[in-house]
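Peer 1: Sequence and predicted structure are below.
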Amino acid sequence: MASSLFTILENRSVISVSGVDSVSFLQGLVSNDVKQVSKTRVIWAAFLTPQGKFLHEFMIAGRPDRLLLDCEAGRRDDLLTRLKRYRLRSKVEINEEDNLIVAAAWGGSPSDNFTLSDEKGAAALLDDGFVFRDPRLTQAGLRLIFSSNTIEKTCADAGFTPSDQATYDAHRIALGLPDGSRDLEIEKALLLENGFEELGGIDFQKGCYVGQELTARTHYRALIKKRLLPVLIEGDAPPPGTALSVNGKDAGEMRSSSGVYGLALVRLATWQSAYDGKMTGGDATLRPQPTPWMKLPASAET
């Protein structure tokens with residue numbers, strides 16, 4: 001049986017949105033349908049610029065008294081500022097939740113200790129916290145939001161062994177899962193280039209939200225020419241932002257990495273033109289490894 005591991009995600013933090021207008025407030029701002037959030041279901045969503053470019057991604061969990069946003073710790077203050085800017089007359093309170101910690105747990109089957117269905121995003125509200133299947137992919141495992149006093153004991157009692165951030169990163173990267181601004185360039189990235197459609201981070205039927213027009217137009221016109229893909233790295237991993245090439249042609253840009261695995265924003269046509277399927281970046285050779293959930297065109301125009 002595969003090892004059952006958990007990692008405290010120190011690069012994630014929690015914001016709460018409470019009040020009678022909390023659902024309608026977020027519904028007009030984010031890419032997914034907030035009305036689907038409940039104590040038994042969590043969603044993944046993005047907050048965009050009015051021009052449709054990436055600003056923030058987060059998971060939205062529902063407690064009876066508030067919604068919890070599992071977001072980037074290093075950019076939490078920016079998210080708070082932007083949300084409060086849109087608050088206007090909405091009856092909501094937006095607060096830091098410094099007492100809450102986020103963890104990821106994966107591998108083996110200790111999740112059987114929690115009462116969860118097998119569907120992605122399935123959630124269970126516990127007395128002292130919240131546990132849910134990753135709303136992007138069930139293979140990613142679980143997320144837990146608990147107080148700093150109880151989260152490690154909760155994971156250990158469920159049969160998970162402590163691990164580090166690099167090990168978790170290798171796990172999520174192999175699955176092709178982006179991690180906020182480490183993988184999506186702020187005010188430049190497009191959701192459909194980064195798997196949000198296949199991973200359930202967009203609802204095309206929910207109605208208007210900030211940045212919707214570009215996302216919808218890109219979807220219906222099939223304008224995607226770049227995709228965030230897992231890559232197998234031969235040599236030292238190129239730093240994030242390193243230009244990638246195929247026979248001297250621009251093939252994309254490196255994103256986050258861990259060990260021999262990385263994510264790269266790949267120009268599909270250029271990569272597909274490579275006879276051996278390889279790209280170069282710095283002194284390394286990279287071979288894209290699309291995962292089964294990704295819907296890629298058979299070929300793409302440059």
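Peer 2: Structure received.
Peer 1: Please make it C-alpha for all contacts and neighbour counts, starting now.
Peer 2: Fine.
Peer 1: which stretches of this protein form helices?
Peer 2: 22-27, 76-87, 151-157, 165-174, 212-221, 268-272 (DSSP state H).
Peer 1: Can I get the ones you listed in TSV including mean pLDDT, distance to residue 133 and mean neighbour count?
Peer 2: Formatted as TSV, the helices of the chain follow (pLDDT from 0 to 100; distance: least, C-alpha to C-alpha, whole Å; neighbours: other C-alpha atoms under 10 Å):
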stretch	mean pLDDT	distance to residue 133	mean neighbour count
helix 22-27	96	21	20
helix 76-87	96	23	14
helix 151-157	92	14	17
helix 165-174	96	14	19
helix 212-221	82	26	14
helix 268-272	93	31	21
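Peer 1: Would you reformat the ones you listed as JSON lines and include distance to residue 193?
Peer 2: Converted to JSON lines, those look like this (distance: least, C-alpha to C-alpha, whole Å):
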{"stretch": "helix 22-27", "distance to residue 193": "23"}
{"stretch": "helix 76-87", "distance to residue 193": "22"}
{"stretch": "helix 151-157", "distance to residue 193": "34"}
{"stretch": "helix 165-174", "distance to residue 193": "16"}
{"stretch": "helix 212-221", "distance to residue 193": "10"}
{"stretch": "helix 268-272", "distance to residue 193": "11"}
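Peer 1: Nearest approach to residue 180 belongs to which of those helices?
Peer 2: Set against residue 180 and scored by C-alpha to C-alpha, these come closest in helix 76-87, at 11.3 Å.
Peer 1: How far off centre is the closest one?
Peer 2: Averaging C-alpha positions (C-alpha atoms, centre = their mean, to the nearest Å) puts helix 76-87 19 Å from its chain's average.
Peer 1: Number of residues surrounding the residue nearest to residue 104 when sequence neighbours are not counted?
Peer 2: Excluding its sequence neighbours, the residue lying closest to residue 104 (C-alpha to C-alpha, 6 or more residues apart in numbering) is residue 143, at 4.6 Å. Residues lying near residue 143 (other C-alpha atoms under 10 Å) number 25.
Peer 1: quick one: contacts for residue 143?
Peer 2: Residues counted as contacts of residue 143 (C-alpha atoms under 8 Å, 6 or more residues apart in numbering) are 102, 103, 104, 105, 131, 132, 133, 134.
Peer 1: Quick check: the gap between it and residue 92.
Peer 2: In this view, residue 143 and residue 92 are 26 Å apart by C-alpha to C-alpha, to the nearest Å.
Peer 1: can you check residue 155 too?
Peer 2: The gap separating residue 155 from residue 92 is 32 Å, by C-alpha to C-alpha.
Peer 1: quick check: domain ranges of this protein?
Peer 2: Split into domains by automatic domain parsing, the chain comes to 5-174, 225-290.
Peer 1: which one of these lies closest to residue 215?
Peer 2: Set against residue 215 and scored by C-alpha to C-alpha, these come closest in domain 5-174, at 6.2 Å.
Peer 1: So, low pLDDT: which residues of the stretch 151-300 of the chain?
Peer 2: Of all residues in the stretch 151-300 of the chain, those with pLDDT under 70 make up the ranges 298-300.
Peer 1: all strands for it, in order.
Peer 2: Remark: strands assigned in the stretch 151-300 of the chain by DSSP state E, counting those that start in this stretch are 161-162, 226-234, 243-246, 249-258, 261-267, 279-281, 284-288.
Peer 1: so which of the helices of the chain comes closest to residue 290?
Peer 2: Minimum separation from residue 290 across these (C-alpha to C-alpha) falls at helix 165-174, 9.2 Å.
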